[in-house]
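Engineer: I would like the atomic coordinates for the input below:
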Amino acid sequence: MNSIVTSRLRTLWRGTRWIDLAALAILLVSGTLWAFQLGFPAAPQSFFFILACLFTFGYLSVRAFLWARQNLLWSLRNRLIVAYIFIAVVPVLLLLTMVGLSAYLLYWQLGSYVLYTEMQEREERIAQVAGAVATSYAIEMASGKSVAALALPEGVPTFLQAAMAELPGLKIESGAGENLLRAPDGSLRDRFAGLVLTNGTLALRAVVARPIPSGRLVLSASVLVTPELMETITPELGPIQFDVLRPTTGASTLEVPVVINRQGYTRVQRISTKSRSIPPGINLFDKLITGITGMDVVDTDRRSRGDVPSRVFASFSTRPSLLNRRLFSPLGDLGTIAVTLLLIVGTIFLLIEFGSLVTGIVLTRTITTAVDDLYRATQHAQKGDLSFRVRVPHRDQLGALGASFNSMMHSVGLLIEEQRQRQRLEGELSIAREVQQQLFPHKLPEVPGLELEAICRAARVVSGDYYDFIRLSPTRLAIALADISGKGISAALLMASVQAALRSDVLRHRGDPPGGNHFDFNTAEIVSHLNRHLFRNTTDERYATMFFAVYDAEMRRLSYTNAGHLPPAYVCGNRVQKLEAGGMVVGLFNDVPFEQATIEIAPGGMLIAYSDGLIEPENVYGEEFGAERLIDLAKSQQNASPHVIAEAVMRAAEEWSGTPEIADDMTVIVARFSAGSREPHA
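Structural biologist: Presented below is the predicted three-dimensional model:
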C-alpha cells in the first residue's frame, strides 16, 4: 500500500509544472495573510491581491479536476464511488444539513418568540397597572381632591402588591414621562408602554394620560430591567442576557465597537440572569440552541440626536426539549408522545438511510471487485498467462460473467494447445509430403517412341493416389496407377506400402528373361502378389484400385492388368479403347484371380489413365465432369504434347467444379506413342 501511495506521489510530482508551484505559493501566502487579518481586523486589504487569490484558486481547482479525472477517475471503482457520493451521499448530507439548520432556526425563532412575548406581557402588565392607578386617581380628582392631597384609592395597595410580586421594583410616579407620549409627528398620545433607556439604565416603562377637570393627568409606572426581573421570564429559555447598545458618537472608547450595517455601536449596559443553567440533553438530538433577538427601545438621552436609534439585543441559550415543553404544554402528555414519535420516526429514517448507505457500499464493492478481477485477468491473458482464473464469490450476473471468462480462458488454452498440436501435425505432414514426393518419379524415363507426362494433385497435404514408372530394360517400361481407399495420412501410408511392395516385386523380374521372350513378364502375377501383401498387412476395410501395365517399345505392345481401377483409355485417331481386363480391387481378399491383357500400339496412339478424383467433380447443377468429357478433351488435343494434354485435363476438371478446393486426389498419366523401329506384329 505504501509503495502504491509513493508511486502515485512521484507521478503527481513529475506532472507538476512551475506554474502549479507558483499558484500553490500564492495560495499559501494568501492563507497566511487571511489568518493574520483575522487576528488584526484593522490590517489593510488590497483588491488586486484578492483578485489574484481568486484567479489562483480557480486555476488550481481546474488543475485538480483535470488531474483527478485523468488519474483518480480512471478506475471504475473510483468512478462509482464519486457517482455514489454525488447521487446519494451529497444529497443526503445536504438534506440532513437543511433539516438540522431548519430545526435550529425553528427553535431559535421559537425561543425568540417566547422571549419577545414574555417581554410584551410584562409591558402590558405595567401598562395595566399604570392605567388602573391613573383611572383611580382621575376618579378621585373628579370628586374635587387635589393631587397633593390625593391618596391611593381603597383596594389599590392590594393590587400593587400583586403587581410588585410579578414586577419586582415597580415604581409609580405622577406627572413624569409626558415626553414619551409625544409621537414623532408631534401629536400627543394617551398611552405608551415599552423599553426605555434613561441615563444608561434600561427599564420597562408605561405612561398613561387621563383627562381630569383641571386638564390632563399623566401617570408613569416603571420597572428596572434587573437580573431579578429577568429571572421571572420563562424558565424554558435558560440563561438570558440583555445587551444595550448605543450608536458610537466618534469618541474613543475602551471597548471594541460592534458594527451593525456599517454602523458602530457601543455597549452601555449588560444585564444577565445569575442562577439559571442549561440542563443536559435528554437524547442525541437535544442540542444546545443559542438565539438572539432584537427589541425596540426608546433612548430618552439622545431622542433628538439624529435618526440612528439605540438597540437592545436579547440572547438566550436553551435546548429543544425545554422549548418542546413550552410548545406542547397545551397537549399535556400527548405532546411528549408526539415528540417521542417524531424522534422514533427520525431514527427509523436514519437507520434506513444508513442501511441504504451500507448496501450501496457493498454493491459498489462487489461490482468494482468483479470488474477489477476481470481487468487483472485480461492483463494476465495479455502476458500469455491463461491459467489465471477470476474469483466467483456470488451467483449473480457478475459471477456468471466471471465464470464465462474462466470458461473462455480454458477454451482459449485448449484452442492454443490444439493449435500447437495442429502446427506440429502440419509440420509432420509437411515432412510426410516431402517423403511422399520422394516416392514419385523425379525424372520421367526415356523410352524410344514414348512421351510421358504425369500430374498428381492432392486434396490434402498428402495424397492417396500413386503413380509410378519403372524402367525394366532400355525398351520396356512398367506403368502403375493406384487409388488408395480413404484420404490423408492413412491413405498416404498405404500408398507408400504399395509403392514399396510393387517396386520390390517388379524389380525382381527386371531384365530380359532367358530365351528372348520379351513377354514373359506377367502383370497379373505382379498384381496378385500385391493383393496378397495388402491383404496380410492391412485391416479389412483397407484396399486399393490399381492399373498396372508394361510397354514394350520394340514389340509395340502394352500388357496390362486392371484391378478394379477406372479403365484407362487408349485413343488412336477416332478410335477409343478402354482397358478393363484384370480383376477386382487389391487388398480385400487373399486368393483372387487376375488376368493379363495385351493390346497392339499403333503409331500416334495415346494412353490416358486417371483416378476417380479427376472425373467426379460436380458443377453447380450437380453434374459430374465424367470420363466422356475427359476422353473428348484428350481426343481434341491429340496433336499436343502429353504435358499440354495433362494440364488441359486438370484445368478443365477444376473449372468444371468452380471451386479452388478439390474433394479428392486428382491424378492423370498421359503416354503418347510415336512410330517405333519396327512394325507391330500381326
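Engineer: what's the longest helix belonging to the chain packed up against?
Structural biologist: The longest helix of the chain (DSSP state H) is helix 90-142. Here helix 90-142 touches helix 156-166, strand 171-174, strand 191-198, strand 201-212, strand 215-224, strand 289-295, strand 311-318, helix 320-327, going by 3 or more Cβ pairs under 8 Å, 6 or more residues apart in numbering; DSSP states H and E. Glycine gets a C-beta too; all of them are placed from N, C-alpha and C.
Engineer: among these, which comes closest to Ala480?
Structural biologist: helix 320-327 (113.9 Å; Cβ to Cβ).
Engineer: what's the local residue count around Ala646?
Structural biologist: Ala646 has 23 neighbours, counted by other Cβ atoms under 10 Å.
Engineer: just checking, it touches Ala671?
Structural biologist: No: using Cβ atoms under 8 Å as the test, Ala646 is too far from Ala671 to be in contact (10.4 Å).
Engineer: excluding chain neighbours, what is closest to Ala134?
Structural biologist: Excluding the flanking residues, the one nearest Ala134 by Cβ to Cβ, 6 or more residues apart in numbering is Leu219, at 3.9 Å.
Engineer: which one of the helices and strands packed on helix 90-142 has the lowest average pLDDT?
Structural biologist: Between the helices and strands packed on helix 90-142, the one with the least mean pLDDT is helix 156-166; it has a mean of 67.
Engineer: and the next helix or strand past the helix or strand hosting His533?
Structural biologist: Using DSSP states H and E, His533 falls within helix 523-537. Downstream of helix 523-537, the first helix or strand assigned by DSSP H and E is strand 544-552.
Engineer: quick one: list the elements packing against that following strand.
Structural biologist: Applying 3+ Cβ pairs under 8 Å, 6+ apart, we find strand 544-552 packed against strand 476-484, helix 488-508, helix 523-537, strand 557-563.
Engineer: figure out which of the helices and strands packed on helix 90-142 is closest to Ser275.
Structural biologist: Per Cβ to Cβ, nearest to Ser275 of these: strand 311-318, 14.2 Å.
Engineer: for the closest one, name the packing helices and strands.
Structural biologist: Under the contact definition 3+ Cβ pairs under 8 Å, 6+ apart, strand 311-318 sits against helix 90-142, strand 240-247, strand 289-295.
Engineer: quickly list what Leu481 is bridged to.
Structural biologist: Per DSSP bridges, the residues bridged to Leu481 are Tyr467, Phe547.
Engineer: kindly report the same for Ile669.
Structural biologist: Ala454, Ala609.
Engineer: run a quick neighbour tally on it.
Structural biologist: By other Cβ under 10 Å, the residues close to Ile669 number 25.
Engineer: what's the burial count for Ile526?
Structural biologist: So Ile526, with other Cβ under 10 Å, has 24 neighbours.
Engineer: residue ranges with poor pLDDT in the stretch 101-250 of the chain?
Structural biologist: 143-161, 249-250 (pLDDT under 70).
Engineer: the same query, at a cut-off of 50, please.
Structural biologist: 148-151, 153, 155 (pLDDT under 50).
Engineer: again, but for the chain
Structural biologist: For the chain, the ranges with pLDDT under 50 are 1, 42-43, 148-151, 153, 155, 252-254, 512-519, 677-682.
Engineer: outline the domain layout of it.
Structural biologist: Annotated domains of the chain cover 18-74, 94-327, 330-430, 440-673 [automatic domain parsing].
Engineer: what is the end-to-end distance of the last one?
Structural biologist: It refers to domain 440-673. End-to-end distance for domain 440-673, by Cα to Cα, to the nearest Å: 22 Å.
Engineer: what's the answer for the second one, then?
Structural biologist: For domain 94-327, the first-to-last residue distance is 27 Å (Cα to Cα).
Engineer: and the helices and strands packed on strand 544-552 as a markdown table, adding distance to Ser430?
Structural biologist: Listed next are those as a markdown table, based on distance: least, Cβ to Cβ, whole Å:
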| stretch | distance to Ser430 |
| --- | --- |
| strand 476-484 | 20 |
| helix 488-508 | 12 |
| helix 523-537 | 26 |
| strand 557-563 | 31 |
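Engineer: relative to Asp243, which of the ones you listed is closest?
Structural biologist: Comparing those by Cβ to Cβ, helix 488-508 comes nearest, at 108.7 Å.
Engineer: which parts of that closest one are buried?
Structural biologist: 488-489, 491-499, 501-502, 505-506 (16 or more other Cβ atoms under 10 Å).
Engineer: repeat for stretch 371-386
Structural biologist: Val371, Asp373, Ala377, His380, Ala381, Leu386.
Engineer: ok, now stretch 578-597?
Structural biologist: Neighbour-count burial for stretch 578-597 [16+ other Cβ under 10 Å]: Leu579, Ala581, Gly582, Gly583, Val585, Val586, Gly587, Leu588, Val592, Phe594, Gln596, Ala597.
Engineer: repeat that for stretch 54-63.
Structural biologist: Buried, per 16+ other Cβ under 10 Å, within stretch 54-63: Thr56, Tyr59, Arg63.
Engineer: surely Leu170 and Val129 touch.
Structural biologist: Yes: contact criterion Cβ under 8 Å: Leu170 and Val129 qualify, at 7.0 Å.
Engineer: tell me where the stretch 301-450 of the chain has helices.
Structural biologist: 320-327, 333-382, 397-439 (DSSP state H, counting those that start in this stretch).
Engineer: I'd like to know which elements the longest one is packed against.
Structural biologist: Using 3+ Cβ pairs under 8 Å, 6+ apart as the contact definition, the elements that helix 333-382 packs against are helix 76-84, helix 320-327, helix 397-439.
Engineer: next one: that helix to chain centre, how far?
Structural biologist: Relative to its parent chain, helix 333-382 has a centroid offset of 20 Å by Cα atoms, centre = their mean, to the nearest Å.
Engineer: can you check stretch 382-399 too?
Structural biologist: Averaging C-alpha positions (Cα atoms, centre = their mean) puts stretch 382-399 17 Å from its chain's average.
Engineer: contact partners of that stretch?
Structural biologist: 366-367, 370, 373-374, 376-377, 380-381, 402-403, 405-406, 409, 412-413, 416 (Cβ atoms under 8 Å, 6 or more residues apart in numbering).
Engineer: so the longest helix of the chain versus strand 289-295, what angle?
Structural biologist: For helix 90-142 against strand 289-295, the angle by axes from the mean of the first three to the mean of the last three Cα atoms, to 10 degrees is 40 degrees.
Engineer: about what we covered before: so which of the helices and strands packed on strand 544-552 comes closest to Tyr113?
Structural biologist: That would be helix 488-508 among the helices and strands packed on strand 544-552, by Cβ to Cβ, at 102.3 Å.
Engineer: helices or strands up against the closest one?
Structural biologist: Short answer (3+ Cβ pairs under 8 Å, 6+ apart): helix 488-508 packs on helix 397-439, strand 465-473, strand 476-484, helix 523-537, strand 544-552.
Engineer: if we go to 6 Å?
Structural biologist: strand 465-473, strand 476-484, helix 523-537 (3 or more Cβ pairs under 6 Å, 6 or more residues apart in numbering; DSSP states H and E).
Engineer: quick one: which of the ones you listed is nearest Leu558?
Structural biologist: strand 476-484 (8.5 Å).
Engineer: excluding chain neighbours, what is closest to Arg325?
Structural biologist: Glu236 (6.1 Å).
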